[in-house]
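Undergrad: Build me a structure from this.
(2 chains)
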Amino acid sequence: MPKKKKRKEFQALKGMRDLLPPDTAWWDKLIKTGEDLARDFGFQKIETPVIEDAELFIRGTGATTDIVSKQMYFIKTAGGTSLALRPEGTPGVVRAYMENGLASLPQPIKLFYFGPMFRHEQPQAGRWRQFYQFGLEVFGDSGAVLDAQIIQFCFNLFKAVGLKKINIHINSLGCPQCRPAYRRVLLDYYRYRKDRVCPDCKRRLKENPLRLLDCKEEKCQPIKSQAPASVDHLCDECRKHFKEVLEFLDELEIPYFLNSALVRGLDYYTKTIFEIFWEEEGLAPGALGGGGRYDNLVKELGGKPTPAVGVALGLDRIVALMKKEEVKVGSEPNFKVFLVQLGLMGKKKSLKLFEKLHQAGILAAESLSRDSIKAQMKIADKLGVKFALILGQQEALDGTVIIRDMQSGVQETVPQEKVVEELKKRFRK
RNA sequence: GUGGCCAUCGUUCAACGGCUAGGACUGCAGAUUGUGGCUCUGCAAAUGAGGGUUCGAUUCCCUCUGGUCACCCCA
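TA: From the prediction side, this is the model:
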């Protein structure tokens, strides 16, 4: 049998997906809540391009990070320039800060952004190649209070979208003055024990020593738990800073876990780092968000030395949790009436009536493309509206409209110019 | 990037290697004149793609694509 010649069926790329209703209601709620809250906290919105010079991330996020070395989407232009799809938001915002002279505005500059990020890695639950982040960045102030305020924002946002069972893990990595010394202590510690750790840890020992601290391998746990912690090797300034952050959090009564194993995968962090997790293991893969202070990044990227602190939240994962936790979002518009029309005249008048209702603030549903009254009534019933407004040939000629109470079935014919008034009277009851 | 599991209408579940790939839900259209809920009837809708084995493949084999889980790592 000759098979029908099939045209190519298009398919979203691996790790990419469409956001569809009704899920988009959760997205809207989350983003709206985040933006409103950010503004309340004195942040202003910034948007930066999704494509940047690859070098920006190589130097910003860090050439040795997995994000850049293994997961970044590179684009080569005809001219040979190396571009990249942004794998995270911060370097772009830093670039914008420097390029647009935001440093000469009153500091600190508090910015928030929202947008897609791209990482070419193996997709998995809670892990997409295009995913969305909502982030905050503060430039130009080194005060510990800002670290705390960012965490406070996160705490409030999760609360506001109905996700209360979160854990905040916090740690301090120190600064260029004290971190090298700590690194040496950690390396020494592991070097004496390297025969007893897993193969991965042997690799980490060479490539990324700080990562030794979040090994999950059973046999490494005893060694890990005794490992020197960065907080015990902070310089005076870093210790003071960290202590202040914690005091502010205590003052705000925001619960947190001191987690000396917290490392984070980006090179630019200094001092405070934190991550937010869902309380129930397994329900949410990985962190819901994370951030920290990056006092050297602006300078590293060619700007004046500028202290900064920020956070990025993984919206895909947060939305997934909102769904799982059945957070109420009020996705359906609360239609009050349904416009039923019959005949061309009725349709015309209905359009006009819809306009009038809209202006009066009465949400009216309709199915203008449908001609059968039965079909329209059926939809009105499904939507659960209180009243149906029936406007047919006869009513169009008379300048009237029938108001039908969907529960009782009682109908009343009223002049079109009185519909709004009549409806309002009925809604008051 | 490596490995395990998986892939049938929009959704969900069927089909010993063999009849026109079946049901449920959803969708659409109807059940006489301009009125919803219940009920009934009809219609639409799928074997991810490409090869192979076979008289015959949704079913067995291979490749690809995608999903999922684990590792790596992260949001």
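Undergrad: CA only for contacts and neighbour counts going forward, please
TA: Fine.
Undergrad: Mind pulling up the pLDDT for residue A:25?
TA: With respect to pLDDT, residue A:25 scores 89.
Undergrad: swap that for residue A:5, please
TA: On the pLDDT scale, residue A:5 gets 43.
Undergrad: again with the one 3 residues further on
TA: At residue A:8, the model reports a pLDDT of 65.
Undergrad: what does residue A:194 give?
TA: Predicted confidence (pLDDT) for residue A:194: 79.
Undergrad: Okay, now the unreliable bits of chain A?
TA: A:1-8, A:281-285, A:331-332 (pLDDT under 70).
Undergrad: mind running it again at 50?
TA: Applying pLDDT under 50 to chain A picks out residues A:1-6.
Undergrad: Nearest the geometric middle of it, what residue?
TA: For chain A, the residue nearest the mean C-alpha position is residue A:315 (2.9 Å; C-alpha atoms, centre = their mean).
Undergrad: Go ahead and report the secondary structure state at the nearest residue to residue A:74 once chain neighbours are set aside.
TA: The spatially closest residue to residue A:74, leaving aside those adjacent along the chain, is residue A:84, at 4.5 Å (C-alpha to C-alpha, 6 or more residues apart in numbering). Put simply, residue A:84 is strand when judged by DSSP: H, G, I helix; E, B strand; the rest coil.
Undergrad: ok, the one residue in chain A that gets nearest to RNA strand B - contacts?
TA: Using C-alpha to the nearest atom of the strand, the closest approach of chain A to RNA strand B is made by residue A:265 at 2.3 Å. In this structure, residue A:265 makes contact with A:65-67, judged by C-alpha atoms under 8 Å, 6 or more residues apart in numbering.
Undergrad: Which positions in the stretch 101-250 of chain A make contact with RNA strand B?
TA: Contact residues (C-alpha under 7 Å from any atom of the strand) of the stretch 101-250 of chain A with RNA strand B: A:119, A:121-133, A:200, A:204, A:211, A:215-217.
Undergrad: May I see the PyMOL selection of the buried members of the residues you listed?
TA: In PyMOL, this line selects whichever of these come out buried by 16 or more other C-alpha atoms under 10 Å:
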select buried, chain A and resi 119+121+126+127+128+129+130+131+132+133+204+211+215
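Undergrad: Just the ones of the residues of the stretch 101-250 of chain A next to RNA strand B in helices?
TA: Taking DSSP state H as the definition of helices, those contribute A:200, A:204.
Undergrad: sorry, back to before: am I right that the residue of chain A closest to RNA strand B falls within a strand?
TA: No. Counting by three-state DSSP, residue A:265 falls outside a strand, being coil.
Undergrad: measure it to residue A:87 for me?
TA: For residue A:265, the distance to residue A:87 equals 12 Å [C-alpha to C-alpha, to the nearest Å].
Undergrad: Can you pull the residues that touch both of these two?
TA: residue A:67.
Undergrad: thought residue A:227 was touching residue A:187?
TA: No. With contact defined as C-alpha atoms under 8 Å, residue A:227 does not reach residue A:187; the gap is 9.8 Å.
Undergrad: that older thread, measure the residue nearest to the centre of chain A to residue A:88 for me?
TA: Applying C-alpha to C-alpha to residue A:315 and residue A:88 gives a distance of 13 Å.
Undergrad: Are there helices or strands packed against whichever helix or strand residue A:277 is part of, and which ones?
TA: Residue A:277 is part of strand A:270-278 when elements are defined by DSSP states H and E. With contacts taken as 3 or more C-alpha pairs under 8 Å, 6 or more residues apart in numbering; DSSP states H and E, strand A:270-278 sits against strand A:166-172, helix A:236-252, strand A:289-293.
Undergrad: Pipe those into a markdown table and attach distance to residue A:26 per row.
TA: A markdown table is the format used below for those (distance: least, C-alpha to C-alpha, whole Å):
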| stretch | distance to residue A:26 |
| --- | --- |
| strand A:166-172 | 18 |
| helix A:236-252 | 28 |
| strand A:289-293 | 17 |
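Undergrad: Let's have these in TSV, adding mean neighbour count.
TA: Compiled in TSV, the helices and strands packed on strand A:270-278 are given as follows (neighbours: other C-alpha atoms under 10 Å):
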stretch	mean neighbour count
strand A:166-172	22
helix A:236-252	17
strand A:289-293	24
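Undergrad: now for the ones you listed, which one comes closest to residue A:403?
TA: Checking the helices and strands packed on strand A:270-278 against residue A:403 by C-alpha to C-alpha gives strand A:166-172 as the closest, at 49.7 Å.
Undergrad: Now do the contacts for residue A:77.
TA: By C-alpha under 8 Å, 6+ apart, the neighbours of residue A:77 are residue A:83.
Undergrad: how near is it to residue A:52?
TA: Taking C-alpha to C-alpha, one finds residue A:77 at 12 Å from residue A:52.
Undergrad: what do you get for residue A:345?
TA: For residue A:345 relative to residue A:52 (C-alpha to C-alpha), the value is 56 Å.
Undergrad: Show me chain A divided up by domain.
TA: Per automatic domain parsing, the structural domains of chain A span A:23-178+A:234-324, A:337-424.
Undergrad: Give the full set of residues in contact with the spatially closest residue to residue A:278 that is not a sequence neighbour.
TA: In space, and not counting its chain neighbours, residue A:278 is closest to residue A:166: 4.6 Å by C-alpha to C-alpha, 6+ apart. Shown in contact with residue A:166 (C-alpha under 8 Å, 6+ apart): A:158, A:276-279.
Undergrad: Report the separation between the residue nearest to residue A:74 and residue A:334.
TA: Taking C-alpha to C-alpha, one finds residue A:84 at 44 Å from residue A:334.
Undergrad: Thank you, goodbye.
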